[in-house]
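Undergrad: below are the sequence and a predicted model for it; my questions follow.
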Amino acid sequence: EAGVTQFPSHSVIEKGQTVTLRCDPISGHDNLYWYRRVMGKEIKFLLHFVKESKQDESGMPNNRFLAERTGGTYSTLKVQPAELEDSGVYFCASSNSGANVLTFGAGSRLTVL
Amino acid sequence: DAKTTQPTSMDCAEGRAANLPCNHSTISGNEYVYWYRQIHSQGPQYIIHGLKNNETNEMASLIITEDRKSSTLILPHATLRDTAVYYCIVRFNTGGFKTIFGAGTRLFVKA
């Protein structure tokens, strides 16, 4: 079984540019989560999809962040325009509807210069 | 979700058992104790979870006190690759509840 896949593994952009991160969950997993870890801080919850619907987006920092999961398969997280404080590692995780164990991807490291 | 308290860091000698404590004095009756770990530059990894009975799997053992106010994660024979940040998380075991990470315990396994 393929795990959770995230792309790109590392992105370096300038302040004001746009970046789109992609997450492919484990096939058949209805639940998809985005987290991020800013340097020196704890891992923070961003949002939770159940299939294509946003179940909980209470952790999204501001309206520069847009997450989508069209069709309930892969998800994208767009940051537009990126700011310096957006730098960090963005993790995606998935779980199936009957389990509460999260399987995480390796993360996408975002560096905003 | 209930708050947990863990030591900031711990050391363990390679080959010895690593015992990582966690306090969760405000845990409610239906909340489970979960443990994850994050090895440097990797995504968090699930280790084990339990409600009130002790649990064991191929990675670790989880000992939960009878009053459920604290628990201990045991890595029976720690290796250098077990050096990581270990997170104790309390949450309901149903969908729709998010997993909240705290600061965790940074475990250093030394040769």
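TA: Right, received. Where do you want to start? Numbers count the residues shown, from 1 in each chain, chains lettered A, B, ... in the order given.
Undergrad: residues contacting the residue in chain B positioned nearest to chain A?
TA: Using CB to the nearest CB, the closest approach of chain B to chain A is made by B:G43 at 3.3 Å. Heads up, the C-betas are built off the backbone N, CA and C, glycines and all. By CB atoms under 8 Å, 6 or more residues apart in numbering or on different chains, the contact list for B:G43 reads A:4, A:91, A:93, A:104-107.
Undergrad: could you do A:F45 as well?
TA: Counted by CB under 8 Å, 6+ apart, A:F45 has contacts A:33-35, A:58-59, B:98-101.
Undergrad: now the residue most central in space within chain A: closest residue in space that isn't a chain neighbour?
TA: With distances taken as CA atoms, centre = their mean, A:W34 lies nearest the centre of chain A, 3.6 Å away. Spatial nearest neighbour of A:W34, excluding adjacent residues (CB to CB, 6 or more residues apart in numbering or on different chains): A:L46 at 4.1 Å.
Undergrad: doesn't the one you found fall inside a strand?
TA: Yes - assessed by DSSP: H, G, I helix; E, B strand; the rest coil, A:L46 belongs to a strand.
Undergrad: quick one: pLDDT of it?
TA: For A:L46, the model assigns a pLDDT of 96.
Undergrad: I figured it hits A:M60, correct?
TA: Yes - the pair A:L46 / A:M60 is scored as a contact, 5.6 Å apart, by CB atoms under 8 Å.
Undergrad: any common contacting residues for those two?
TA: Residues touching both A:L46 and A:M60 (CB under 8 Å, 6+ apart): A:A67.
Undergrad: and those two? which has more neighbours close in?
TA: Neighbours were counted for A:L46 and for A:M60 using other CB atoms under 10 Å in any protein chain shown; A:L46 has more, 21 against 17.
Undergrad: can you tell me the SS state at the spatially closest residue to B:Q45 that is not a sequence neighbour?
TA: Excluding its sequence neighbours, the residue lying closest to B:Q45 (CB to CB, 6+ apart) is B:R37, at 5.5 Å. Here B:R37 is recorded as strand under three-state DSSP.
Undergrad: can you pull up the bridge partners for B:R37?
TA: B:Q45, B:Y86 (DSSP bridges).
Undergrad: next: A:V89.
TA: Going by DSSP bridges, A:V89 forms beta bridges with A:R37, A:R109.
Undergrad: and the pLDDT for it?
TA: 96.
Undergrad: again with B:I100
TA: pLDDT, B:I100: 89.
Undergrad: am I right that B:Q42 is in contact with A:A106?
TA: Yes - assessed by CB under 8 Å, B:Q42 is found in contact with A:A106 at 6.1 Å.
Undergrad: neighbours around residue 71, how many?
TA: With no chain named, the answer covers chain A. Look at A:G71: counted by other CB under 10 Å, it has 8 neighbours.
Undergrad: chain B, not that one
TA: Around B:S71 there are 24 residues (other CB under 10 Å).
Undergrad: report the contact partners of it.
TA: B:21-22, B:24, B:33, B:50, B:62-65, B:88.
Undergrad: which of the residues you listed are buried? Put it as a PyMOL command.
TA: Command for PyMOL, covering only those of those found buried under the criterion 16 or more other CB atoms under 10 Å in any protein chain shown:
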select buried, chain B and resi 22+24+33+50+62+63+64+88
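Undergrad: just the contacts of B:S71: which are in strands?
TA: B:21-22, B:33, B:50, B:62-64, B:88 (DSSP state E).
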